[in-house]
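Undergrad: predicted coordinates and the sequence they were generated for:
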Amino acid sequence: MAGDHGERLSLRERKKLITRQALIDAAEAMFAERGFDRVTVAEIADAANVAAKTVFVYFPAKEDLVFHGEDEVLRSLVDGIRERPAGTTPLDAVVNVLSTSMTSSPVGAVAELERLHGIVGDSPGLHARMRLMWERFEHAVAAELAAETGVPPHSPQPRVAAAQLVMIYRTMASPDVMAYIRSHPKARQGKAFGDWLEAARDMVGHGIGDYARREG
């Protein structure tokens, strides 16, 4: 299928895809080596053999080079909820999408998380950009749940449910997950990732109304 799709693209479109990927590859390599805030757009452009202004044709902001897959991730999340099988819940769909996306990574879930944290680091700009991404995800999921259940998207049920579902994504991308994974022997780190995901699923699935209730 991928080959057929590629053959339908014009030469101009293929060149644009190649340029976009070259910018991503150059940026990720430089960010990983020196940190996001120490790399300039001009340096990325030079490494990809394009003019600096060309970078902004593909990526309106430097932060977008880090979150270049955001639209694809959001689309897979919403599609997973919309197209889930009968008898399954949005929570089932979200856990399945996240588990599949991480286990299908060519370098593995642990390496993917390490790459993300290595680039984001302590950059205030990237942390702010990430918060905007999660908010965008919540609004999209709430809209999908509202459409399915027949209520306005600003109703509490879809909005709160969306916040809980996207929270699983947020925690899986947090430094706490890496600390948890690294606390296990290397041979068990892949399982540790799955354990965290299952714990998150249980907490959201059962609700947190009685969580950490103090004894009287």
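TA: Done, it's in.
Undergrad: got a list of what the nearest residue to A51 once chain neighbours are set aside touches?
TA: Nearest residue to A51, sequence neighbours excluded (C-beta to C-beta, 6 or more residues apart in numbering): A45, at 6.1 Å. All C-beta spots, glycine's among them, are computed from the backbone N, C-alpha and C. The contact partners of A45, taken as C-beta atoms under 8 Å, 6 or more residues apart in numbering, are 23, 51-52, 54-55.
Undergrad: could these go into JSON lines alongside distance to D122?
TA: Shown next, in JSON lines, are the contacts of A45 (distance: C-beta to C-beta, whole Å):
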{"residue": "L23", "distance to D122": "24"}
{"residue": "A51", "distance to D122": "31"}
{"residue": "A52", "distance to D122": "26"}
{"residue": "T54", "distance to D122": "29"}
{"residue": "V55", "distance to D122": "24"}
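Undergrad: helix or strand for the residue nearest to A51, which one?
TA: Following DSSP states H and E, one finds A45 within helix 41-47.
Undergrad: quick one: buried residues of that helix?
TA: Using 16 or more other C-beta atoms under 10 Å as the test for burial, helix 41-47 gives 41, 44-45, 47.
Undergrad: what comes up buried for the following helix or strand past it?
TA: Sequence order places helix 52-58 as the next helix or strand after helix 41-47, per DSSP H and E. By 16+ other C-beta under 10 Å, the buried positions in helix 52-58 come out as 55, 58.
Undergrad: which element is A32 on?
TA: helix 11-34.
Undergrad: circling back to that earlier point, how close does the residue nearest to A51 get to K53?
TA: 8 Å (C-beta to C-beta, to the nearest Å).
Undergrad: which element is the nearest residue to V95 once chain neighbours are set aside on?
TA: Of all residues beyond its chain neighbours, the one nearest V95 is R201 (5.0 Å), with distances taken as C-beta to C-beta, 6+ apart. Using DSSP H and E, R201 sits within helix 189-206.
Undergrad: for the helix ranked longest in the chain, the distance to its chain's centre please.
TA: When the chain is parsed with DSSP state H, its longest helix is helix 124-149. Mean-position distance between helix 124-149 and its chain equals 11 Å (C-alpha atoms, centre = their mean, to the nearest Å).
Undergrad: who are the packing partners of that helix?
TA: Judged by 3 or more C-beta pairs under 8 Å, 6 or more residues apart in numbering; DSSP states H and E, helix 124-149 is in contact with helix 70-82, helix 109-120, helix 156-172.
Undergrad: thanks again, I'm all set now.
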